[in-house]
Every structure is written in C-alpha cells, then in structure tokens.
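Participant: 3D, please:
(one chain, ligands or ions: 1)
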Amino acid sequence: MASDPIVDSPVLVLEGNILWQFENLSEFGTQTLKMQVALGTLSGEILLDMSAAPPKGPRVAKQSTGVPEINVDLSHLEMLWAFIYGWMVVYEERVQKQQIDPTKLINAETTKLVNRAQELLAWSASLRESYTAWPASLPSPRHYATEQEEWYGLKANLVFQKAVAFLLSHERAHAALGHLEVIQRADGAGFRLDMERDADAAAYDDLLGQSLDDREKAPEAWAVVSVMLSTFYLYKAPRNALLPSGHPALHHRVAHMLRRLALADPHYDYYFSFLCRLVLQAVFPEVLQPTRQFDDWEDALTDALDRLDHLSGAQ
Ligand SMILES: [Zn+2]
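Facilitator: Have a look, this model is predicted:
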C-alpha cells in the first residue's frame, strides 16, 4: 500500500547534518563505515522513506543486491524532532525553572512558548494514528515565531542529530554483528532480545565513547533518553511497548539507558530521571497519577517502572 510522499518536510533542512552523522559514525570495532561499505556489509546510502504514513522506527534490511541498507521513515524523523523540541520546552520552562524558583511568575510570552510546544507534541503523538503534515504555524527546524523558540530549536537540533546518530549506529551494529543472518534462521527469534541489547550497547558506546562529565554529556543523555521515550509514540497502544517483542520491554530499555548514563552529579541524575518519569506519566496517565508525592526523584521513577511492570504483567 503506497501512500503519497510527504511534501516539503521541515526536517529536511537537517538532511545534510543527518548524512554527516552517518558518514562520521565512529569505528565499529576496527571497521570504519567506508570499510563496511567496501566489504559489502552495509550500504553507504540511507533509504529515506518519504511516505505520508504513520512513523515506524529505523530498520536495516538486505536489498536485492544482498547488501544491507538502513531504512528511515521521514515521518519518524519529524516525530522525533517534534518530540525533542516539545519535551525540552515543556520540561525546562514548566518544570525546571519553576522548581528552581517557584515564585517566578510565568509571563505571557512563556505561556505562549509552552502552549505552542504542547501543540507540537500533540501533533507528533497523533502521527501514530494517521499522518498529517507538520502544522506550518508551529515551531520546526525552519520556522520559529520568536527568538526563544529559535534558541530551543537550535538546542533541539543538536540533540536530534545525536539521537539520529544513535539510531543509525544501532542499525549499523545489527548489520556488522551478523544479526540479519541470525534473524532469518528458523531459531533466530530466540536470540533477538540479546541482539537488540547488543545493538543498543554498541550505539551507546558510539555516542558516549569518550569520557565526558555529566554537564558535557547532557546533549547525549537527552538524545539517548529521547530515542527510548519517543518510541512510545510509535505504538497505537503504548501498553504493547511494555512487553518484550523483538526489543526488550521499552520501560526496561529506558531504565537500562539511565543506569548506563550513570550520572554522578545529583543535578543531572535528577534532571533525567524526572524527565523520564514525566514522559511516562504523560504516556500512561491512567496508571501514573501525576498528583502522587514522592520523597525523591529516584522513588518517583522506581514507582513508575514498577507500575508499568505491573501493567505489562496484567496484559
Ligand atoms: Zn534493533
């Protein structure tokens, strides 16, 4: 079933940056992307599916030539950028700044900034039902109504590029580790969870290989957390993401990435744990009542993960 292509997508202004990320993925083991391409273990091109259809996550598949190629949906890139921008604005303006100074009044400009970010988030969450074009009036990589929006947009661009690098690196790892052959075997499905964990680990090492302190790795942490949390936006029934099906249960992937980030500075540990709790709360309002109070952010996140375990067990 072919759908019409997306016309004039605003994320395509970042196409050059995405290709740069792909061409400059760090060495895999001892192999550069160029070597993988020369060996025929990965195509040097990315297949961009422009269909105006609900987004699916990236995947890697063998072409008719036998060479694996990474496929990316343009609708997924749009959803991902909108997710990052939207949550960044809402979280920083509505939660972080208020917690730092609860007496600070929210002015009309900030209210507008947050409302527009929330509208963008609502659009990105709606894509899983049916694709609609990016609302032209809302923020995008090529349209900002104010300087504040542009400031957040530039921050979102950086995180988005790193998130895309993580996704591409994950798919590249599947090809480089021989996973495609295993998956095709009759008994391959049993290895699938381990292969997904290996691909996540390889992508993580690619993005966060060099030792960075907590402040330096904040954009990477945003990227990894966004990749995981935005995956809930790919499911018409987000509950299904809580069950392992190919990939490990999504809330476990979120928790695993937070553990790997091992943010030592309490400020950053809190920042990302609480962000995860808030997004999970928005995705599962029926089980994560926002009014509950917790002693600390670790309890709040642990509580969310436990409740989601319970929910997935109840299915
Ligand atoms: Zn995978």
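Participant: find the nearest non-adjacent residue to the residue of the stretch 1-150 of the chain found nearest the ion, please.
Facilitator: As assessed by CB to the ion, the ion sits closest to residue 59 within the stretch 1-150 of the chain, at 7.6 Å. To be clear about C-beta, it is placed using only N, CA and C from the backbone, and glycine gets the same treatment. Leaving aside its chain neighbours, residue 59 sits nearest to residue 71 (5.3 Å; criterion: CB to CB, 6 or more residues apart in numbering).
Participant: is it true that that neighbour lies in a strand?
Facilitator: Yes - going by DSSP: H, G, I helix; E, B strand; the rest coil, the assignment for residue 71 places it inside a strand.
Participant: how many neighbouring residues does it have?
Facilitator: 18 (other CB atoms under 10 Å).
Participant: so how far is residue 42 from it?
Facilitator: Using CB to CB, to the nearest Å, we find residue 71 at a distance of 12 Å from residue 42.
Participant: shared neighbours of those two, which are they?
Facilitator: Applying CB atoms under 8 Å, 6 or more residues apart in numbering, one finds that residue 71 and residue 42 are jointly contacted by residue 60.
Participant: if we can go back for a sec, which ones are touching the residue nearest to residue 59?
Facilitator: For residue 71, the contact set (CB under 8 Å, 6+ apart) comprises 46-47, 49, 58-61.
Participant: in PyMOL, select just the buried ones from those.
Facilitator: Here is the PyMOL command that selects only those of these that count as buried (16 or more other CB atoms under 10 Å):
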select buried, resi 46+49+58+60
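Participant: farthest-separated two in the contacts of residue 71?
Facilitator: Of all pairs drawn from the contacts of residue 71, the one with the longest distance (CB to CB) is 49 and 60, at 13.1 Å.
Participant: average pLDDT for the lengthiest helix in the chain?
Facilitator: Longest among the helix segments of the chain by residue count, using DSSP state H, is helix 147-176. For helix 147-176, the per-residue pLDDT values average out at 95.
Participant: could you say what helices and strands it packs with?
Facilitator: Under the contact criterion of 3 or more CB pairs under 8 Å, 6 or more residues apart in numbering; DSSP states H and E, helix 147-176 touches helix 15-23, helix 33-39, strand 59-62, strand 68-73, helix 74-89, helix 108-126, helix 192-208, helix 218-230.
Participant: next structured bit after that helix?
Facilitator: Secondary structure here is assigned by DSSP states H and E; on that basis, the next helix or strand after helix 147-176 toward the C-terminus is helix 179-184.
Participant: show me what that following helix is packed up against.
Facilitator: In this structure, helix 179-184 packs against strand 59-62, helix 192-208, with contacts taken as 3+ CB pairs under 8 Å, 6+ apart.
Participant: strand partners of the shortest one, parallel vs antiparallel please.
Facilitator: For strand 59-62, the pairing partners within the sheet under DSSP bridges are strand 68-73 (antiparallel).
Participant: close to the ion: what parts of the stretch 51-200 of the chain are there?
Facilitator: Within reach of the ion by CB under 5 Å from the ion, the stretch 51-200 of the chain has these residues: 196, 199.
Participant: extract the residue ranges of the stretch 51-200 of the chain that are flagged as low pLDDT.
Facilitator: Flagging of the stretch 51-200 of the chain using pLDDT under 70 yields the residue ranges 186-189.
Participant: circling back: now the contacts of residue 71 as TSV including distance to residue 159?
Facilitator: Shown next, in TSV, are the contacts of residue 71 (distance: CB to CB, whole Å):
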residue	distance to residue 159
46	20
47	24
49	23
58	17
59	22
60	23
61	27
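Participant: closest one of the contacts of residue 71 to residue 202?
Facilitator: Of all the contacts of residue 71, the one sitting nearest residue 202 is residue 60; the distance, using CB to CB, is 12.8 Å.
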